[in-house]
Structures are given as C-alpha cells and as structure tokens.
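Peer 1: Sequence plus predicted model, see below.
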Amino acid sequence: MKIPFSPPFVDDDVLKEVADTLRSGWITTGPKVKALEQEINKLTGCQQTLCVNSWTSGAILTLKWLGVKAGDEVIVPAYTYAATALSVIHCGATPILVDVLPDFNIDPAAVAKAITAKTKAIIAVDIAGLMCDYDRLKEIVSAPEALAQFNAESDVQQKMGRVMVIADAAHSIGAKYKHLNSGVCADVNIFSMHAVKNITTAEGGAISLHLPASFNAQEVYELMRLWSLNGQTKDAFSKSNGSGWRYDILFDGLKVNMPDICAAIGLAQIKKYNHNLIVERKRIAQQYEAYFTSRSWAQLPILKDEHRETCYHLYALRIVGITEIERDEMIAHIVKLGVAVNVHFLPLPMLTTFKNKGFDIKDFPVSYDNYAREISLPIYPQLTTEQVNFICSAVEDSYHTVKASEKIA
C-alpha cells in the first residue's frame, strides 16, 4: 500500500468551478476572487478578507501597511516555517525569536519579556491548526508597561495605539478559540491556501481583518487591495468592463494578487468545508487518537481542550523517549513501508540563514524538544479507514524496530 502525505482535494465540483473560470474568458483577479473573499468572511465572521498569492505575500503586505521598517522588531516563535520570520526580514525589520509551549504554540510569557520600544507586532503561529492564546497576547500588548514603551511611527501604528497582534493562521482555517473562529481572534489573521492546506487555491493566501473600532475595515481592505496590485488605482477587470484605461500608481505597491483560476479551486472547496472536508479530517484524527492513546510511547497532539478545537490540519504525533536521530530512523522505516510522513518544522535557529544571524537552538529548548520527537501523519479527506489503520501499524512497527535495534547496539 502506498499512501501519499497530502494530495489536494479535487472532486467534480472543483473541476466544474475551474472549467467555468476558463470558459468565462477571465482567469486573473476578478469575480471568483471576490466570491472567495466573501465566503471566507462568512466562514470566519471577520470584517473583510483580501485574497493574495501566498501567505508570505500577505504577511509582507500587512507589515508594510503597518509601517514596519528597518530598525523595527517583530516577535515570532522559533518553532514555525521560515516564511513567518522571512516576511519580517523582507520589510527590513528584525525578527525576535521566542520559545514555544509544549502544545507547539508561542509562549506568552516569553513574548512579554521580548517586547521593547522597537516592537511593532507579534506574529503568533497556530501550529497544526491549534490556535494560540490570543486573549493573553492582547492582554500583554495592552498592559501599562507595554503601552508605555510603544513607539508609534506610522499613521496605522498611531491608530492601533499598541503592538499589533497578527495571527499566522496558515494552518488554522476552521479552528476555534473560545467559541470564536480563526480569523477574528487577532487584529489581522493571515491564512495560507497552499496546495497542502485544508482549503487550497494551489498557491494563495488570505488576509482577514478584525481590527479595533478606530479602523474602517472597508477602507483598509480597499487600501490593501491597492497594495496587492502595485498601488494601481484601477485593476484590469475594471478596465475590461468599460471603466476606461487611464490609471495612476499611488505608492510603491506590490504585485501579489490572487488570480481567478486559483480562486476557483478554493471556492469549490470552501462551500463544502464545514459539512464535509473538516468533518472527514476530524474522523481521521479521532481514529489516530483511538489507536495511539493506549500506546505509552505516543504523545498525542491536542485536538480539543477547554478553550480550543483544532481544524485537524496536521496530526503532529510525538514519540516519547526518543532522540532526533531515532525519530529520523522511524521516518525512514515508515516510508519504506509505503507511508509518506513529514516533520513540522525545523525550528528557525537550526536553519543556516538564522544561524548566520546569531540564533542558537540551545536557547529554545521546548522548540527543539517538540521538533526532535515529532512525526506528522497523513490527514486528508480521501483517506479510508483501512489506510489509516495501515498508517498506524506502520508507525508502531517503526517504533519497535528502532527500539529493538537500539537494544542490539
């Protein structure tokens, strides 16, 4: 049996939506993108959503809109994909890395210690679809000591009046935090719609706004839309519909818009997300939980607790009492048995570009421990009960094989 790690969900509805776009004669940013934005608004309850061509683009756009520049600092967890910190670097600012908790998410206590007069934002990462403690993060940035040293240097920062809380919600569309949907728990919430995500547009991202009352979300959306199209006052779809050719470039914008041909894939998926796709992901996660809960060597991920429910994006299993090398040996054995698995993620201080910036993994012990014992198992709607059973058996067989060879050695 061969089981891939995370193939995209493509059914007849996806094919029909894409074909409809191709037949329409309009494949770049247009009505399908707008429709997807509106569906994300409905799914999350956020104020406005702007679709872009990647999570990274969305983060860079957001930070530039905020006015983040050279000399500024943005706090990010050491345990995340590189794009979280790279988006800060691309704005000329400095990422300040902090450790995480055993649930994989950013440690609020570490955040509180890291805030300085240079801090402009925190990017909290919802690893595997389990959301961070956003209430605690907002308490920290609103505390008198944080407010006293906040240095507003742009109009947006002045309006915010504090450090902005940004959710790296790349994994968490459909997740819950205190009965709220991912998309409304931070000031700005950025989703990924990359090929392996719960809802995909092949490549893509979405910026969902849930800003304080001092902002007009519609105005921010319109400004961000300009940002995504080179700062141009009139997009191609408007010009093609008879609004005239003449345009202006208002500022140094980016070119990060999502095309309709991509939005069509996500549009077909999001319409069945709550009643189908996420239900199937939950079914698989619960099957894993039922199997591994009796294995003393398995540390199960949190699927649901008092305040949160994941969206079942990843099943991040950790193995008790093994080393990083043994974990890699387990993965090699699982793959040999026909199951593709993954690791989420290599902590940033273990990557060359961050090592060269002076970061040392020894300063982030929880991040390293989480990483060194983690194996991400396949979880997607197409998996059958038989396939999940096979995956479970492959993991167990690999564990006992590695442990047996260790005793022999």
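Peer 2: Right, received. Where do you want to start? Numbering: from 1, shown residues only.

Peer 1: State the three-state secondary structure for the closest residue to residue 143 other than its chain neighbours.
Peer 2: The shortest distance from residue 143 to any non-neighbouring residue, by C-beta to C-beta, 6 or more residues apart in numbering, is to residue 112 (7.8 Å). Glycine gets a C-beta too; all of them are placed from N, C-alpha and C. Recorded secondary structure, residue 112: helix (DSSP: H, G, I helix; E, B strand; the rest coil).

Peer 1: now residue 379
Peer 2: Secondary structure, three-state DSSP: residue 379 is coil.

Peer 1: Can you get me a residue count around it?
Peer 2: For residue 379, the count of nearby residues is 26 (other C-beta atoms under 10 Å).

Peer 1: which ones are touching the closest residue to residue 250 other than its chain neighbours?
Peer 2: Distances taken as C-beta to C-beta, 6+ apart put residue 231 closest to residue 250, at 4.9 Å, once the chain neighbours are dropped. By C-beta atoms under 8 Å, 6 or more residues apart in numbering, residue 231 lies in contact with 249, 250, 251, 252, 253.

Peer 1: Buried only: go through those for me.
Peer 2: For the contacts of residue 231, a burial check counting by 16 or more other C-beta atoms under 10 Å picks out residue 253.

Peer 1: Which pair in the contacts of residue 231 has the greatest spatial separation?
Peer 2: Using C-beta to C-beta, the pair of these lying farthest apart is 250 and 252, separated by 9.3 Å.

Peer 1: quick one: contacts for residue 335?
Peer 2: So residue 335 contacts residue 341 (C-beta under 8 Å, 6+ apart).

Peer 1: So it, which state does it fall into?
Peer 2: Of the three states, residue 335 takes helix according to three-state DSSP.

Peer 1: How much space separates the residue nearest to residue 235 when sequence neighbours are not counted from residue 265?
Peer 2: In space, and not counting its chain neighbours, residue 235 is closest to residue 229: 5.5 Å by C-beta to C-beta, 6+ apart. Here residue 229 is placed at a distance of 21 Å from residue 265 (C-beta to C-beta, to the nearest Å).

Peer 1: Return the set of buried residues in stretch 389-405.
Peer 2: 390, 391, 392, 394, 395, 396, 398, 399, 401, 402, 403.

Peer 1: for stretch 97-104, that is, sorry about that
Peer 2: For stretch 97-104, the neighbour count (16+ other C-beta under 10 Å) marks 97, 98, 99, 100, 101, 103, 104 as buried.

Peer 1: which residue packs closest to the fourth one, ignoring adjacent ones?
Peer 2: So that's residue 100. Once flanking residues are discounted, residue 100 sits nearest to residue 79: 4.5 Å by C-beta to C-beta, 6+ apart.

Peer 1: The one you found reaches residue 370, doesn't it?
Peer 2: Yes: judged on C-beta atoms under 8 Å, residue 79 makes contact with residue 370 at a distance of 6.0 Å.

Peer 1: quick one, which of the two is more surrounded?
Peer 2: residue 79 (31 against 25).

Peer 1: Looking at the more buried one now. What's its pLDDT?
Peer 2: Here the pLDDT value assigned to residue 79 is 98.

Peer 1: SS state for it?
Peer 2: Criterion first, three-state DSSP; result for residue 79: coil.

Peer 1: Counting neighbours, go ahead and name the busier of residue 229 and residue 265.
Peer 2: residue 265 (27 against 20).

Peer 1: thought the more buried one was touching residue 14?
Peer 2: Yes: assessed by C-beta under 8 Å, residue 265 is found in contact with residue 14 at 5.5 Å.

Peer 1: Can you tell me how far the spatially closest residue to residue 72 that is not a sequence neighbour is from residue 54?
Peer 2: The shortest distance from residue 72 to any residue other than its chain neighbours is 4.2 Å, reached at residue 93 (C-beta to C-beta, 6+ apart). Using C-beta to C-beta, residue 93 is found at 19 Å from residue 54.

Peer 1: give the contact list for residue 121.
Peer 2: By C-beta under 8 Å, 6+ apart, the contact list for residue 121 reads 63, 66, 68, 74, 75, 163, 164, 165, 166.

Peer 1: Which of those are buried, as a ChimeraX select command?
Peer 2: Per 16+ other C-beta under 10 Å, the buried members of these correspond to this ChimeraX selection:
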select :63,66,68,74,75,163,164,165,166
